[in-house]
Every structure is written in structure tokens, then in C-alpha cells.
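**Student:** coords below, sequence missing:
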């Protein structure tokens, strides 16, 4: 692969589709959007068939999936699905909170808002939707985002329902979990004016930041997904799905360009198709590219008029990127830490305001640096530690239930989903600590402050107040 791609020479065109789950109940029922159910108690089985869309034709992607003739098995738990998800009951009215969040994002993207929300059905028969279609509704059009390489237009912003979560798959069957099905999802599409692979990554980062600025989106792995559409002169538009890390976008985009160039060189015509981003930064075929034939109106959900009063009541929040300078000045935080705090969508000032007994710099360390250290040392998925978990852990320190030295150990337990026993982290009594210090000085004379502190930390792991310990050591060394 060349060191530097000449994007202009190959006729590069690129656009993004961002899918973000919202923090509210499901789109067409009142079920909680839990997305982490275990031990399902209900099982249903289906076989899905493709139907004609508005154009009177069957979509090619739907026909491709129907040809596999697979049986779909759906598992669910009563607290995260109902008959709506099983397609045994008509959808309820569209979630009004989700509509307001969508309008807020539309304003932030400078979109023109539709006068009336008309829900549509999008044929999807790979099994990820029990009904054989996904409900989607256009909210905004003709918006844009500002980037370092100019504005990137946003033709559409849609509000739709999330698909079911695939658990296992074989040649003749697929097993899905219903906990994710019906969760509110925003879909933001850019046009194809993205200039190069790095610009694609930057645009995805900006869109993610805008979404997190609302404070109303889900966080964690799988709650936001990026699809990248790529084409070159003489090639074909390919949609690449499955990006787990924005850092991988440039390399996978460049790989796709090289793949298409290779086919053209061999005299082959690249095909329009959907491909999967692989861990080794290559791509693999998933299915043919879907088209307009898969869309048709939803008849079970009434249209919703967007009134002037509704639109005017939507407030645009301050962008997280605009808070950088304020945080740096107010709390004297390192720029790298600030960037990570903003990227995580953390309301840092609310932590500082609530946990007044904990130094703001230490709070920042717990939120950003400790998870990185645990990930590096323990190989644990610290992204699984939620904001609520962080609040719980820092609250223990704020209320003097644990010492600073216990923070990392407790965070490891949170990442492993283990129970926290606060009694095991009770601080050491001053008299016990002083007796131990005197004993250590007698048995191992001549060590410096750091030496004795290391011995104490090893003996009282997670139970030691470092400041108090250093004072006692200092007093006994005189």
C-alpha cells in the first residue's frame, strides 16, 4: 500500500452514516431500553419473506436474505420486550421524548425540520427485525457540520428503531436477543463530499461529539455505530459496516480503495455491495447494496405534526468541544485529560460539585487515567464501567468509606462485574498503623520514606490513607 494516497487522482468519494442509541424508553412502546438482558425466559421462532416496496419491486438485498431460507429464533426477558417487539401487537404512538431529542440534534446540525413526521417501513429480512421491516422517520434535511476541511452537508437525519442483537448464526438459522430491538436510534447521513480518509475520521468524531453534547445518548460499546460509504472512478459505491474504533477508519478506507483499484486493474468491475470491516483492517462481503425499493409507508402509526411551539421549545446545548477552555482554566487540567473527558461525554463539573471532598484532579484521574491503566495492566474492558459506576466509586471516597488506594482495586471489580464488599476496604486504625510503622523501622532500619510507604501499602492494600501514613512515618523517623 502506498505511503500516501492520492485521493483526487482516484476520484475518491466518501460519506458517513452514524447510528446512535438514545437514552429513553423504546420508540413504539414503553419497554425499558436495557440492552444487557441475560437468562431469557421467552423464545419465539419465525421465517421471514421479502415484500414489494413503494416502487412495486422487491429490494435486491431483501431478496438475497430471503434466498438463505433461515429460521430466526428470538429470545427475550419480560422487563425489556413486549408484544410490540414480537410483532404480535401494533406499535404504540412514537416516543415523544425521542422526537424532542431528534429535534434538538437536528437544530445542532442546522437542519431544516420536516412539517410532519411520517413513519416508513424499511424491508429488512435478515432476522434483525421480527416484523421483516424496520420503522424509520425523517426528522431533518439539508444540514451540515463544520470541519477543518470545510462544511460537510447532512442530507438527512432520521429517527428509527434499533435492530435485535445477533447471538449466534449457522447456515440454516440465526438466534437473536430482543433486548435491543425497538430501542430509539438516530441515523445521521452525510453526503459524499468527505475529502479523504482522515477527513472521514474527523467528521465521525465531530458527529459523535455533537450527539454526546445532548447528554441524552447511550454510552459504551455498541451504542454508536459508523458506516462508511466509499467509491472511486471506475469502481462502485461500497458501504462498510462494523467499525469498532474510529482510529481504524482511515486504514480500512484506504484498503477499500486499494481493493477496488486491484479489481479494476484485473479487468473486473467492482460491485455495489455492503462489506464488513474486519479486525485486521480488511473488509469482507456481507450482502448486495439495498435501494429505494425496500421503503413503504407505515400504516399503524399516525403522522405527527411538528408545531412551531414544539420546535421553539427545543434548546440547543453547549457543545462539549466548547467546554475545553473552561475546564482547563477552572480546574487546571491537562489538555489530554480534558479531551478524554469530553470524548466520554462526562459532565465533569457535576462530579466536582457533588463530590466536594475529593480533589478535582483526582476525580479526573479516576475517570480517565485509571481506566486506561487497568486496561493496559489487566486487559479488562473498562468501557463497561458506566457513569453510574464512577459516581458510586467516587462517592465511597467522598464519604470516607474507602481510601484513595482502594479506588483502582474497586474499579477492577466493577470491570469484572464483581460485588463490592466495603467492609474489606475499611481504613486502618491510627494506633494499628503507628504500631506497624514502629515495627517496620525496628526490623528494617535505614529505609527512606518511600521504602516504608511501599511496605505499608503492600501490607494494607486498599485500606491505607496515604497522607495519614506519610505523616506517621515522618513522625517516627525523626
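**Tutor:** It's in. This structure is a prediction, so every number in the text was calculated from the model and none was measured.
**Student:** quick one: residue 142 from residue 403, how far?
**Tutor:** Look at residue 142 and residue 403: by Cβ to Cβ, to the nearest Å, they are 55 Å apart. C-beta here means a position set from N, CA and C on the backbone, and glycine is covered the same way.
**Student:** name the residue in these two with the higher neighbour count.
**Tutor:** residue 403 (22 against 13; other Cβ atoms under 10 Å).
**Student:** would you map the strands across the stretch 1-150 of the chain?
**Tutor:** Here the stretch 1-150 of the chain has its strands, by DSSP state E, counting those that start in this stretch, at 13-21, 42-46, 71-76, 112-113, 116-117, 119-123, 133-147, 150-161.
**Student:** in the stretch 251-400 of the chain, which spans are helices?
**Tutor:** Ranges of helices in the stretch 251-400 of the chain, per DSSP state H, counting those that start in this stretch, are 308-312, 324-331, 335-343, 348-354, 360-364, 370-378, 387-398.
**Student:** which of these sits most buried?
**Tutor:** Comparing the helices of the stretch 251-400 of the chain by mean neighbour count (mean count of other Cβ atoms under 10 Å), helix 360-364 ranks first with a mean of 18.
**Student:** from the chain's centre, how far out does stretch 10-21 sit?
**Tutor:** Stretch 10-21 sits 17 Å away from the centroid of its parent chain (Cα atoms, centre = their mean, to the nearest Å).
**Student:** and stretch 346-357, by the same measure?
**Tutor:** Relative to the chain's own centre, stretch 346-357 is displaced by 23 Å; criterion: Cα atoms, centre = their mean.
**Student:** 55 is where my numbering starts, stick with that
**Tutor:** With the count now opening at 55, the last piece we talked about shows up as stretch 400-411.
**Student:** endpoints of it, how far apart?
**Tutor:** Taking Cα to Cα, to the nearest Å, stretch 400-411 runs 19 Å from one end to the other.
**Student:** show me the contact partners of that stretch.
**Tutor:** The contact list for stretch 400-411 (Cβ atoms under 8 Å, 6 or more residues apart in numbering) reads 269, 381, 384-385, 395, 414, 417-418, 421, 441, 444-445, 448-449, 451-454.
**Student:** change it to 10 Å
**Tutor:** For stretch 400-411, the surrounding residues in contact (Cβ atoms under 10 Å, 6 or more residues apart in numbering) are 266, 269, 273, 374, 377, 380-381, 384-385, 387, 391-392, 394-396, 412-414, 416-418, 420-422, 441, 444-445, 448-449, 451-454.
**Student:** how much space is there between the nearest residue to residue 135 once chain neighbours are set aside and residue 197?
**Tutor:** Counting by Cβ to Cβ, 6 or more residues apart in numbering, residue 135 lies nearest to residue 232, which is 4.2 Å off, once chain neighbours are set aside. Per Cβ to Cβ, residue 232 is found 33 Å from residue 197.
**Student:** now do residue 348
**Tutor:** 24 Å.
**Student:** how about residue 350?
**Tutor:** In terms of Cβ to Cβ, residue 350 sits 26 Å off from residue 197.
**Student:** the two: which has the busier surroundings?
**Tutor:** residue 197 (23 against 17).
**Student:** which ones are touching the more buried one?
**Tutor:** Residue 197 touches 159-167, 205-211, 242, 244, counting by Cβ under 10 Å, 6+ apart.
**Student:** show me which of those residues are buried.
**Tutor:** With burial judged by 16 or more other Cβ atoms under 10 Å, the buried subset of the contacts of residue 197 is 159-163, 165, 167, 206-211, 242, 244.
**Student:** is it true that residue 356 touches residue 148?
**Tutor:** Yes - with contact defined as Cβ atoms under 10 Å, residue 356 reaches residue 148; the gap is 8.7 Å.
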